[in-house]
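Enquirer: Sequence and computational prediction follow.
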Amino acid sequence: IHELTMDESAIEELDPPAVARLGEITVPALAVMAAHDPPTLRRCSELIAAGISDARLVTFDDADHVVSLRTPTQLNELLIVFLTEAGPPAG
């Protein structure tokens, strides 16, 4: 098992926390979840998809957290469809 370590010296507490502000996102979003992710990571994907009004949650059944390495072709196809449907940003 790999141990993830991060330099937390520059951590800034957000008030309100980012999860409470997901509803402020007004652009289409794609949350990608891997079926073999740890439960906490799957829950994060679900919270992101539920918190953003125009979000879509897609689960990759045969992948873990490195979806781009485990299923690159399927991920690329999904991204192309998502970006095509989303269209260019308004502005």
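Expert: Perfect, I can see it now.

Enquirer: What is the worst-scoring helix or strand of the chain on mean pLDDT packed up against?
Expert: The least trusted helix or strand in the chain, going by mean pLDDT, DSSP states H and E, turns out to be helix 67-70, with a mean of 92. Where contact means 3 or more Cβ pairs under 8 Å, 6 or more residues apart in numbering; DSSP states H and E, helix 67-70 is packed against strand 29-34. Just so you know, the C-beta spots here come from the backbone N, C-alpha and C atoms, and that holds for glycine as well.

Enquirer: Which neighbouring elements make contact with the strand it packs on?
Expert: Strand 29-34 packs on helix 39-51, strand 55-60, helix 67-70, helix 72-86, going by 3+ Cβ pairs under 8 Å, 6+ apart.

Enquirer: what about the closest residue in space to Leu30 that isn't next to it in sequence, how many neighbours?
Expert: Beyond its immediate neighbours in the sequence, the residue positioned closest to Leu30 (Cβ to Cβ, 6 or more residues apart in numbering) is Phe82, lying 4.9 Å away. Neighbours of Phe82 under the rule other Cβ atoms under 10 Å: 15.

Enquirer: Report the contact partners of Phe82.
Expert: Residues in contact with Phe82, defined by Cβ atoms under 8 Å, 6 or more residues apart in numbering, are 28, 30, 56.

Enquirer: So the second one is in contact with Thr59, correct?
Expert: What that stands for is Leu30. No. With contact defined as Cβ atoms under 8 Å, Leu30 does not count as touching Thr59 (11.9 Å).

Enquirer: show me what contacts Leu69?
Expert: Counting by Cβ under 8 Å, 6+ apart, Leu69 has no contacts.

Enquirer: quick one: it from Arg42, how far?
Expert: Distance, Leu69 to Arg42, by Cβ to Cβ, to the nearest Å: 18 Å.

Enquirer: ok, the spatially most central residue of the chain - contacts?
Expert: The residue lying closest to the centre of the chain (Cα atoms, centre = their mean) is Ala31, at 3.7 Å. Contact partners of Ala31, counting by Cβ under 8 Å, 6+ apart, are 45-46, 48-49, 52, 55-58.

Enquirer: How much space separates the residue nearest to it when sequence neighbours are not counted from Val58?
Expert: Distance criterion Cβ to Cβ, 6+ apart; nearest residue to Ala31, sequence neighbours excluded, is Ala49 at 4.1 Å. In this structure, Ala49 lies at 9 Å from Val58, with Cβ to Cβ as the measure.
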